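> Just a sequence and a predicted model for now, questions to come.
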Amino acid sequence: MAFSSLDLLENEKQNIAYENRTRYVEIIAKALALGCILLSVLSLSGYVFSAPQLYRPIAGGSATHPLTAITIILIGFSVFLEHKKHFTILNPLLAITALLISLTVMSDILLSSKLAVHFTPFIDTVNVELQAGLSNSMGINTALMMAFLSSALLLGQLGNVLTAQLFAFIGLAVPMLSIIGYAYGITSFFGHMSILTTMYGMFLGGSVLCIHAKHGAVHALLSPHIGGRIARFQVGIGCFVPICIGYLFIQTLISVKLEDLFGLYVVVISWFIIVLIIFSAIIQEKIDEKRRDAELALIKAATYDSLTGIANRRHFMELAKSTLEQSALVASETYILMLDVDHFKSVNDRAGHAIGDKVLIAIASTLTNSVRKTDSVCRLGGEEFATILPKTSERDALLVAEKIRTAVEQTDIPGYTDIYGQVTISIGLAKAEDQQTIDAVLSHADNALYQAKESGRNKVAKFTDEDK
Ligand SMILES: Nc1nc2c(ncn2[C@@H]2O[C@H](COP(=O)(O)OP(=O)(O)OP(=O)(O)O)[C@@H](O)[C@H]2O)c(=O)[nH]1
């Protein structure tokens, strides 16, 4: 797989889409908060205009208490004004007020005090309804939810987004429990929380959770990359399936023994977790495969010459270094050949750069086919090549060099040799002496190559002691 500029463009596009996605989610969070404010105002107007159906949608069921509606409005406004520079003081004030109301209600419930009645609007209506045996109070679950949501807002405003999102998530658990209670018919799960407050709680919790979508857990969840994709899949399935399973169990509870049901529940849940993990692994593997291919393409680009496909200078130097080290260990002779195409400039000038490239590809191929598999071949750059011949005597090295020279001379390159005649190369040969660095051997081979060029080109020249 080639790693092209198209991939970069795709990556850039994904990042822009990611950025837009988080912005839209923050806008949706504000819209949800605004919806909660409007609906809570509507509930409060039920108290003003004596229209109980506006705060108690199910006749005889639980009502949205005036303090609940006010707390929702405060939290809703705080979410709505988030990220607006001019409300940096008002914003935390709204959240603090909501928190104080929630804590007062909680302490009233836990300590049996009556502090909240002093600032509860429409208290007379509430009292009349309570005396008539109707449910109208801010329950401990609602107060707890509001306390978590307002704290989440404050934490977010203080810059601790991850903890803020954790608090919002815990706050959201309350209306979720309430919904399950309503769906399964378990009264203790929703207590005094009306269906209306449950709905407000879900929307409000969602909006508090998502108001910092550019950061933290929500940001990670929205990611178009592997982590986000798997997380979204798991969250979606992880919510939906257990709720369905739970519902089915509740339905069969009457007809099956409890311990049988429990065993079945364990089996189904573990089966579900296994399926979830397997699907996640499949998605992860698919995406990781692309990453591995890209990594491989990068490694190839760093070690191989993109035109001819043989090793590049950097990779050759590494290969040659380790060959020299091994040769020193087994005390065998090693030779280096340096090859340069003759008058290559005129190849380009006469036939054009594209044909020039074709000539280089053909020479690289001829060179590779003329040596052993264990001999490393590389393009040093431009029209210059090199090969290292381990465990080779001087006679054999000269034979190989000659073989390469004649092979190149006889290579047919359609589009060039048929029009302009054969291409030739000059070769410089040098022996790697003990303790010699690869740079030193290459420099000797280069010296010999110069001599080959000087003596008329299409020649092989050997570096000798007199050249030192
Ligand atoms: N087509 C093509 N040409 C290249 C590439 N890399 C280098 N060249 C050309 O290779 C030519 C090398 O020319 P010179 O260094 O003058 O050597 P030469 O013409 O081969 O002459 P001698 O080596 O003295 O025989 C230059 O014109 C470069 O532009 C390449 O990847 N493709």
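Cool, got the structure.

> hey, let's count contacts and neighbours off CA atoms from now on
Noted.

> How much space separates the closest residue in space to residue 82 that isn't next to it in sequence from residue 381?
Nearest residue to residue 82, sequence neighbours excluded (C-alpha to C-alpha, 6 or more residues apart in numbering): residue 91, at 7.0 Å. Separation of residue 91 from residue 381 (C-alpha to C-alpha, to the nearest Å): 64 Å.

> Same question for residue 406.
Counting by C-alpha to C-alpha, the gap from residue 406 to residue 381 is 22 Å.

> Who has more neighbours out of those two?
residue 406 (15 against 12; other C-alpha atoms under 10 Å).

> Now do the phi/psi pair for that one.
Dihedral angles phi and psi of residue 406 (degrees, to the nearest 10) take the values phi -70, psi -40.

> Adjust the sequence numbering to begin at 12 for everything that follows.
Got it, the first residue is 12 from now on, which makes the last one we talked about residue 417.

> pLDDT value on it, please?
With respect to pLDDT, residue 417 has a value of 97.

> can I assume the residue nearest to residue 93 is in contact with residue 92?
Yes: using C-alpha atoms under 8 Å, residue 102 is in contact with residue 92, at 6.5 Å.

> Which residue of these two possesses the greater neighbour count?
Using other C-alpha under 10 Å, the more surrounded residue of residue 102 and residue 92 is residue 102, with 24 against 17.

> What helix or strand is that one located in?
helix 101-122 (DSSP states H and E).

> After that helix, heading C-terminal, what element do we hit next?
Taking DSSP H and E, what comes next after helix 101-122 is helix 134-142.

> Restricting to C-alpha, output that following helix in CSV.
Output of helix 134-142 as CSV, limited to C-alpha atoms (Å, rounded to 0.1, in the frame of the first residue of the first chain):
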residue,chain,number,x,y,z
ILE,A,134,-46.0,26.3,48.4
ASP,A,135,-49.8,26.7,49.1
THR,A,136,-50.7,24.7,46.0
VAL,A,137,-48.1,22.1,46.8
ASN,A,138,-49.4,21.8,50.4
VAL,A,139,-53.1,21.5,49.3
GLU,A,140,-52.1,18.7,46.9
LEU,A,141,-50.1,16.9,49.5
GLN,A,142,-53.0,17.1,52.0
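
> Which other helices and strands does it contact?
Where contact means 3 or more C-alpha pairs under 8 Å, 6 or more residues apart in numbering; DSSP states H and E, helix 134-142 is not packed against any helix or strand.

> coming back round to it: report the separation between the residue nearest to residue 93 and the ligand.
The gap separating residue 102 from the ligand is 64 Å, by C-alpha to the nearest ligand atom, to the nearest Å.

> Then residue 20?
26 Å.

> packing partners for the helix or strand where that residue lies?
Assigned by DSSP H and E, residue 20 belongs to helix 16-59. Contacts defined by 3+ C-alpha pairs under 8 Å, 6+ apart place helix 16-59 against helix 77-91, helix 206-221.
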